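K.L.:
just the structure for this:
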Amino acid sequence: MSDSNDAQSTTIRTAVLPAETLEETPSNWTPISEIKNGVLSYIPEADKVVELHRDETEDGTEYWDVKEVGTFKIHELPALDTLPTADHISEKLAEYAAEAPEEHREGINNGLINNGLINHWESIRHMIVEQAASEAEAAFWEDVKQTDGYIPVDKIRQPVEDKEMSIDVVISEIDHNYRTLVPRRVIRDFFEFAGIMDANPFSRLGLTFESTGESVNTAPAYRSEPETDWHEPELTSDYAHTALAEAGCTPAESTDYIQTVMNNERQLDWASKRDVSQSTVSQNVRAAKNKLSRNAE
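P.N.:
Below is the predicted model:
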């Protein structure tokens, strides 16, 4: 798919709103991936991901339609079941202590077994997955950064699926938080013994596109199964004001649009609060809508 975000693109936008239309993708945006009928791009200044669809006017002039504005988020919980349970850890700790060198046995019994590795295992499982999530997200953005042009959707999964986690970061946190009283290399050795090092918490991590609307199935994702726990992140008033100002709206037009269109307040009620006529609010809202969609006219 050809993209308007090329050398002649001089537009800079740090915020846009759903339903806005653009003649070209702004030059400060980072392309992420092609999707069905469009692209995903990243606004670094706002830390937002924009879903754009290609459309055209009645006279055949092409433009970008802003379908969604949202964020990428790592979903951590689906990967928890790739890690051993507390019962498994308890069994493996007993086996490990029995087979460990004499000089480590007392420390293992006092530090790992009696001092909380089992008691805190659920928290540790979450800790491991959170670390994997952090590394997965970093890998994704590094891939975006190093790629010329768009990342094919089927390639977006690879940074997670092919990656090994830095387990030493987790071991350091375990040692710091729970005072295990044994050398960190012993914890690592036990993790290898218990099969934790073979578990792949990346395998079912979901990096999903959380949008302000309902068009969520077109976005690529780090996931092996469809995600079901979508929620809609809210666009702040400051962000909306910035988007409307950059689209050419006056402060009054922006305020009336945000309050009545985005916050769903009745125009008559809002006009009363503003001590203006409803027709004034209506004119401002209409003007804002025209400025947001003027590229499609």
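K.L.:
which stretch of helix or strand covers the closest residue to Ser277 other than its chain neighbours?
P.N.:
Nearest-residue entry for Ser277: Ala271, 6.1 Å, with adjacent residues in sequence omitted and distances by C-beta to C-beta, 6 or more residues apart in numbering. Bear in mind the C-beta positions are built from the backbone N, C-alpha and C, glycine included. Under the criterion of DSSP states H and E, Ala271 resides in helix 267-274.
K.L.:
can you check Val66 too?
P.N.:
strand 62-75.
K.L.:
swap in Ile118?
P.N.:
Secondary structure (DSSP H and E) places Ile118 outside all helices and strands.
K.L.:
now do the same contact list for it.
P.N.:
Taking C-beta atoms under 8 Å, 6 or more residues apart in numbering as the contact definition, Ile118 lies against Ala86, Ile89, Ser90, Leu93.
K.L.:
cutoff 10 Å now
P.N.:
If a contact means C-beta atoms under 10 Å, 6 or more residues apart in numbering, then Ile118 has Ala86, Asp87, Ile89, Ser90, Leu93, Leu112, Ile124 as its contacts.
K.L.:
ok, it to Tyr257 distance?
P.N.:
56 Å (C-beta to C-beta, to the nearest Å).
K.L.:
and for Val285?
P.N.:
Taking C-beta to C-beta, one finds Val285 at 5 Å from Tyr257.
K.L.:
one step back: now the residue nearest to Ser277: how far from Ser254?
P.N.:
For Ala271, the distance to Ser254 - C-beta to C-beta - is 16 Å.
K.L.:
and the helices in this protein, which stretches?
P.N.:
86-99, 102-107, 121-146, 153-156, 158-161, 167-178, 184-193, 237-246, 251-257, 267-274, 278-293 (DSSP state H).
K.L.:
out of the ones you listed, which is closest to Glu58?
P.N.:
helix 278-293 (13.7 Å; C-beta to C-beta).
K.L.:
who touches that closest one?
P.N.:
Contacts for helix 278-293 (C-beta under 10 Å, 6+ apart): 16-22, 63, 65-66, 243-244, 247-261, 265-274, 276-277, 297.
K.L.:
likewise for stretch 269-277?
P.N.:
252, 255-256, 259-260, 263, 265-268, 278-285.
K.L.:
any idea of the mean pLDDT for it?
P.N.:
The average pLDDT for stretch 269-277 rounds to 96.
K.L.:
quick one: which of Val285 and Tyr257 has more around it?
P.N.:
Tyr257 (26 against 19; other C-beta atoms under 10 Å).
K.L.:
and that one, what is it in contact with?
P.N.:
Going by C-beta under 10 Å, 6+ apart, the list of residues near Tyr257 reads 17, 240-241, 244, 247, 249, 263, 281, 284-289, 291-292.
K.L.:
local confidence estimate at it?
P.N.:
Looking at Tyr257, the pLDDT reads 96.
K.L.:
from Ala243, how far out is it?
P.N.:
10 Å.
K.L.:
what of Ile43?
P.N.:
From Ile43 over to Ala243 (counting by C-beta to C-beta), the distance is 10 Å.
K.L.:
shaky segments in this structure?
P.N.:
Flagging of the chain using pLDDT under 70 yields the residue ranges 1-9, 72-81, 110-116, 136, 140, 143-166, 179-181, 197-234, 294-297.
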